[in-house]
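Visitor: quick one, fold the following:
(chains A, B, C and D)
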Protein chains: 2
Amino acid sequence: MARTIGSDGEKTLAAIREQALALIARRGYEAMSMRALAAAVGVQAAALYRYFPTKEDLLYSLMDEHMTALLASWTMSCPANGDAHDTLAAFVRHHVAFHVGRRHSTHVSNMELRALSPERLTAILKLRAAYEKDLRRILREGADAGLFAIDDAAFTAMAIIQMITGVIVWFRPDERLTVADIAETYVAMTLRLAGALPRGVFRVPSIAALRTA
Amino acid sequence: MARTIGSDGEKTLAAIREQALALIARRGYEAMSMRALAAAVGVQAAALYRYFPTKEDLLYSLMDEHMTALLASWTMSCPANGDAHDTLAAFVRHHVAFHVGRRHSTHVSNMELRALSPERLTAILKLRAAYEKDLRRILREGADAGLFAIDDAAFTAMAIIQMITGVIVWFRPDERLTVADIAETYVAMTLRLAGALPRGVFRVPSIAALRTA
DNA sequence: GAAAGAATTGAACGTTTGTTTTATTGTGAA
DNA sequence: TTCACAATAAAACAAACGTTCAATTCTTTC
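Guide: Numbers count the residues shown, from 1 in each chain, chains lettered A, B, ... in the order given. Now for the predicted structure:
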């Protein structure tokens, strides 16, 4: 046999990406064989090489798409005007929603960096750095405006990123607990962590309020 | 050749564990071949099988030791008397110090769970659950005593664990910035996150300030 | 100094790996 | 209908994989 009925390059490509994300997220990049991936797609291993020259090219493509989409999505939903308080809340909401919605590619992009060649690792880390830099900017602006009580924006940014990315480890949305619910709790914890004064919808039991209670 | 001069079972075992942790932490369990491990130890691959029947037995042994040591170490340093405020601070201090001191085994135990068989995975997760349960207990007791402002102890515990374990991703101790410095900053952030009433100074110190202190 | 056992080597086993090559078939445009 | 091309199958490759086994040497004990 050769070309199969109904075969379509675009559909196969999309299927490869989707199944690769699922397999790598579940078992890891090294543990996923090209034959196993092909079987999941419903194709022979050799067919994969029409779409990706090597296994590592596939991995890099998945990561690059994830990071590029993350940056683009955040750029789109980042509030143009609004103080650091609002912007930080928006950052957390977007981060949580994006990562929960892309659990597989998040796992891949976070856990399989060591499988990349040095040059490609650098490229991915560059994208990640741009994302984290934006969070640091928000924290610094908020601190300068007296909205946050932080001294080291880089340290705080690392702590926040680690905390909110952790959502994918335990949370699975169902009919009782939505992504939005979880995101708001993360927003509250983040604002607390940043030493933000309670305000508006982000009413968190503040230190001052608790003291007079 | 056969037995080499000065060969010692205990030393070889320790070397295998140490090198395996380093290799798995750096490249991943699947990416570490038994031959590469043997080369790092300075021995032939077959010699490894005197100490571990299979590659997965080795992995499980490393993880089990890590989790057991974590629980034992925390049990030892957990303050017997003291309120939830002190206990939470002690928990964070211990967690940060332990994980920074055992960066490799932390990486292995956190990232390679998927390589374990279901039974062994369950065993490791049981140990982890016991550890996290203790943190939830601290948070709940603190909330009941009015020391913390927390709605969901489980949720908060996950957030805290994720945040403070993240220390191993970026922090490397040097002569200017010690583990203790970093730990205190994490303590301050954790207490804030838990909505703890200020007692003493919990303003997050800057890294620059810590350096010159 | 000889016997017993601990520690390791070197070679080999069968499998699986990522990848390549060649041939073959379905598909869309002329 | 034909023809170029896109899409895949089937088979094969060398290399690397985890693991086993027999042989060999060091170490300890008596």
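Visitor: so which residues of chain A form helices?
Guide: Counting by DSSP state H, the segments of chain A that form helices are A:9-27, A:34-41, A:45-48, A:55-77, A:84-101, A:103-111, A:118-144, A:153-165, A:167-170, A:179-193, A:207-212.
Visitor: got TSV for those, with mean pLDDT and distance to residue B:10 too?
Guide: Every residue, glycine included, has its C-beta placed from N, CA and C. Below are the helices of chain A laid out as TSV (pLDDT from 0 to 100; distance: least, CB to CB, whole Å):
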stretch	mean pLDDT	distance to residue B:10
helix A:9-27	94	35
helix A:34-41	96	40
helix A:45-48	94	45
helix A:55-77	97	40
helix A:84-101	96	45
helix A:103-111	97	34
helix A:118-144	97	37
helix A:153-165	97	38
helix A:167-170	94	37
helix A:179-193	94	46
helix A:207-212	40	53
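Visitor: okay, these in CSV with distance to residue B:94 and mean neighbour count next?
Guide: Output for the helices of chain A, formatted as CSV (distance: least, CB to CB, whole Å; neighbours: other CB atoms under 10 Å in any protein chain shown):
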stretch, distance to residue B:94, mean neighbour count
helix A:9-27, 32, 17
helix A:34-41, 41, 17
helix A:45-48, 47, 16
helix A:55-77, 34, 17
helix A:84-101, 28, 20
helix A:103-111, 26, 20
helix A:118-144, 27, 16
helix A:153-165, 18, 22
helix A:167-170, 21, 17
helix A:179-193, 20, 20
helix A:207-212, 25, 13
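Visitor: could I get those helices as TSV with distance to chain B?
Guide: Formatted as TSV, those follow (distance: least, CB to the nearest CB, whole Å):
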stretch	distance to chain B
helix A:9-27	6
helix A:34-41	13
helix A:45-48	18
helix A:55-77	12
helix A:84-101	12
helix A:103-111	6
helix A:118-144	10
helix A:153-165	3
helix A:167-170	5
helix A:179-193	5
helix A:207-212	6
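Visitor: which residues sit in contact with the one residue sitting closest to the centre of chain A?
Guide: Central residue of chain A (CA atoms, centre = their mean): residue A:99, 4.2 Å from the mean position. By CB atoms under 8 Å, 6 or more residues apart in numbering or on different chains, the contact set of residue A:99 is A:106, A:164-165, A:167-168.
Visitor: please apply the same query to residue A:74.
Guide: Counting by CB under 8 Å, 6+ apart, residue A:74 has contacts A:91, A:94-95, A:98, A:131, A:134.
Visitor: returning to that earlier point: tabulate the helices of chain A (TSV), appending distance to residue B:51.
Guide: Listed next are the helices of chain A as TSV, based on distance: least, CB to CB, whole Å:
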stretch	distance to residue B:51
helix A:9-27	26
helix A:34-41	31
helix A:45-48	36
helix A:55-77	32
helix A:84-101	40
helix A:103-111	28
helix A:118-144	33
helix A:153-165	35
helix A:167-170	32
helix A:179-193	44
helix A:207-212	54
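Visitor: got a markdown table for those helices, with distance to DNA strand D too?
Guide: Listed next are the helices of chain A as a markdown table, based on distance: least, CB to the nearest atom of the strand, whole Å:
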| stretch | distance to DNA strand D |
| --- | --- |
| helix A:9-27 | 2 |
| helix A:34-41 | 7 |
| helix A:45-48 | 3 |
| helix A:55-77 | 14 |
| helix A:84-101 | 27 |
| helix A:103-111 | 19 |
| helix A:118-144 | 19 |
| helix A:153-165 | 30 |
| helix A:167-170 | 27 |
| helix A:179-193 | 34 |
| helix A:207-212 | 53 |
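Visitor: with residue B:165 as the reference, measure out to the residue nearest to the centre of chain A.
Guide: 17 Å (CB to CB, to the nearest Å).
Visitor: try residue A:52
Guide: Shown here: residue A:52 relative to residue B:165, a distance of 34 Å by CB to CB.
Visitor: same check, this time on residue A:71
Guide: With the distance defined as CB to CB, residue A:71 ends up 25 Å from residue B:165.
Visitor: kindly report the same for residue A:130.
Guide: Using CB to CB, residue A:130 is found at 24 Å from residue B:165.
Visitor: can you give me the first-to-last residue distance of stretch A:72-88?
Guide: End-to-end distance for stretch A:72-88: 17 Å, by CA to CA, to the nearest Å.
Visitor: any idea how many residues pack against the closest residue to DNA strand C within chain A?
Guide: Distances between chain A and DNA strand C by CB to the nearest atom of the strand are smallest at residue A:2, namely 2.0 Å. Residues lying near residue A:2 (other CB atoms under 10 Å in any protein chain shown) number 4.
Visitor: for it, what are its contacts?
Guide: By CB under 8 Å, 6+ apart, residue A:2 lies in contact with nothing.
Visitor: now the residue lying closest to residue A:130 once chain neighbours are set aside: how far from residue A:65?
Guide: Residue nearest to residue A:130 in three dimensions, not counting chain neighbours: residue A:71, with 6.3 Å by CB to CB, 6 or more residues apart in numbering or on different chains. Counting by CB to CB, the separation of residue A:71 from residue A:65 is 11 Å.
Visitor: for residue A:125, same thing?
Guide: Distance, residue A:125 to residue A:65, using CB to CB: 16 Å.
Visitor: report the separation between residue A:157 and residue B:174.
Guide: For residue A:157, the distance to residue B:174 - CB to CB - is 20 Å.
Visitor: no no, residue A:37
Guide: Note on residue A:37: its distance to residue B:174, by CB to CB, is 43 Å.
Visitor: kindly report the same for residue A:174.
Guide: Taking CB to CB, one finds residue A:174 at 46 Å from residue B:174.
Visitor: and if you look at residue A:101?
Guide: 39 Å.
Visitor: likewise residue A:144?
Guide: Counting by CB to CB, the gap from residue A:144 to residue B:174 is 29 Å.
Visitor: over to residue A:179?
Guide: In terms of CB to CB, residue A:179 sits 40 Å off from residue B:174.
Visitor: likewise residue A:84?
Guide: 31 Å.
Visitor: so residue A:17 makes contact with residue A:63?
Guide: No - here residue A:17 does not reach residue A:63: they are 11.5 Å apart, not a contact under CB atoms under 8 Å.
Visitor: show me what from chain A comes close to DNA strand C.
Guide: Residues of chain A lying near DNA strand C by CB under 7 Å from any atom of the strand: A:1-7, A:32-36, A:45-46, A:48-49, A:53-56.
Visitor: which residues does residue A:90 contact?
Guide: Going by CB under 8 Å, 6+ apart, residue A:90 touches A:77-79, A:82.
Visitor: actually, residue A:87.
Guide: A:78-79, A:138, A:141-142.
Visitor: and for residue A:183?
Guide: Neighbouring residues of residue A:183 by CB under 8 Å, 6+ apart: A:92-93, A:96-97.
Visitor: since that was my last question, I'll sign off now.
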